[in-house]
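A.B. asks: dropping the sequence and predicted coords here.
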Amino acid sequence: MRTDQIALQLYTVRRLAATDLPGTLAAVANAGYSAVELAGLPATPPAELSRLLGGAGLQVVASHESIDALRQDAAGVAERLSALDCPRAVVPWMPEQDRKTADDVRRFAAELATFAEAFGDGGIRLGYHNHAFEFGQLAGRTIWDLLLGALPAAVEIELDVHWVAAGGRDPVAEIRAVGDRVRLLHMKDRTAGPEPRDAPPGEGTLPFPAIVEAARAAGVEWYVVEQDEPRHPLEDIASGRRYLETLAALSR
């Protein structure tokens, strides 16, 4: 991992962005980030958002786009991402109705494959981001295994190590198992105790040095700091980046 591979998922600072988007983007840059993943931002015309991101010196590496948005207007999503010079769309959630049976999961995978082909024509890659439910059982297998078995290599994986652990899996083993299909990692820690919560990387229980080692071997391109419910968003994103910078220094 290099320091120029560290990005921030802007969903982490969504509440700040809702009231002051320019100031929030400036604060993200001041915390040391030069790359971001889009999600949770207030509705903003692409040209204006591109101007604000450029003014803060922030490169867009991916954008979370719901499956519903793709179903309703995939061409419009692709046009918006192109206007932002965004190279990836990542589907962040599999709706419950798409995972009631094994055939449902396979149909969902086939749908992602179709979108990946269409987006690829415009130079945009498509990915899928996991939560914990994928590691639950369905028809004698896990939803995750069914999904991965049905997805073509063209659909990238954004592995969220916190949710992998919440699903009862070892993040290091999962990175190794999925291998070079993992292009992005969500670097979100998980606290100990009877009611674990997410935390900045390095402030919980996950083995991030081993995670980074496995990710380097797999060829991960982006290490994306994220929290769903940060207690102190700006302090947390700064501490998360500082910690990953120490790991980057060790991995040279």
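C.D. replies: That came in fine, so what should we check first? Keep in mind the model is a prediction, meaning the values are calculated, not measured.
A.B. asks: C-alpha only now, for contacts and for neighbours.
C.D. replies: Will do.
A.B. asks: now do the same contact list for Pro87.
C.D. replies: 60-62, 81, 123-125 (Cα atoms under 8 Å, 6 or more residues apart in numbering).
A.B. asks: so where do the helices sit in this structure?
C.D. replies: 14-19, 21-30, 46-55, 67-83, 102-120, 143-150, 161-166, 171-178, 208-218, 233-250 (DSSP state H).
A.B. asks: right, so of those, which gets closest to Arg190?
C.D. replies: helix 161-166 (5.8 Å; Cα to Cα).
A.B. asks: which other residues reach the closest one?
C.D. replies: 130-132, 135, 170-171, 174, 185-190, 198, 206.
A.B. asks: switch the cut-off to 6 Å
C.D. replies: 131-132, 171, 188-190 (Cα atoms under 6 Å, 6 or more residues apart in numbering).
A.B. asks: repeat for stretch 46-60
C.D. replies: With contact meaning Cα under 6 Å, 6+ apart, stretch 46-60 is reached by 26, 34-37, 84, 86.
A.B. asks: quick revisit: what is the nearest of the contacts of helix 161-166 to Arg71?
C.D. replies: Out of these, the member with the shortest distance to Arg71 (by Cα to Cα) is His131, at 20.8 Å.
A.B. asks: circling back: mind checking the helices of the chain for the one nearest to Thr3?
C.D. replies: So among these, helix 233-250 is nearest, using Cα to Cα, at 5.9 Å.
A.B. asks: so where's this structure uncertain?
C.D. replies: Across the chain, the ranges flagged by pLDDT under 70 are 251-252.
A.B. asks: so what's Arg169 up against?
C.D. replies: If a contact means Cα under 6 Å, 6+ apart, then Arg169 has no contacts.
A.B. asks: same check on the one 3 residues further on?
C.D. replies: For Val172, the residues meeting the contact criterion (Cα under 6 Å, 6+ apart) are Ile211.
A.B. asks: output stretch 210-230 in CSV with nothing but the alpha carbons.
C.D. replies: Output of stretch 210-230 as CSV, limited to C-alpha atoms (Å, rounded to 0.1, in the frame of the first residue of the first chain):
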residue,chain,number,x,y,z
ALA,A,210,-2.2,-8.5,7.8
ILE,A,211,-5.1,-7.1,5.8
VAL,A,212,-2.8,-4.7,4.0
GLU,A,213,-0.3,-7.5,3.3
ALA,A,214,-3.0,-9.7,1.8
ALA,A,215,-4.4,-6.7,-0.2
ARG,A,216,-1.0,-5.9,-1.7
ALA,A,217,-0.6,-9.5,-2.8
ALA,A,218,-4.1,-9.3,-4.4
GLY,A,219,-3.3,-6.1,-6.2
VAL,A,220,-5.9,-3.9,-4.4
GLU,A,221,-5.9,-0.4,-6.0
TRP,A,222,-7.6,1.7,-3.4
TYR,A,223,-7.7,1.6,0.4
VAL,A,224,-10.8,3.6,1.3
VAL,A,225,-11.3,4.9,4.9
GLU,A,226,-14.9,4.7,5.9
GLN,A,227,-17.2,4.8,8.9
ASP,A,228,-21.0,4.4,8.9
GLU,A,229,-21.5,6.2,12.2
PRO,A,230,-18.4,8.2,13.1
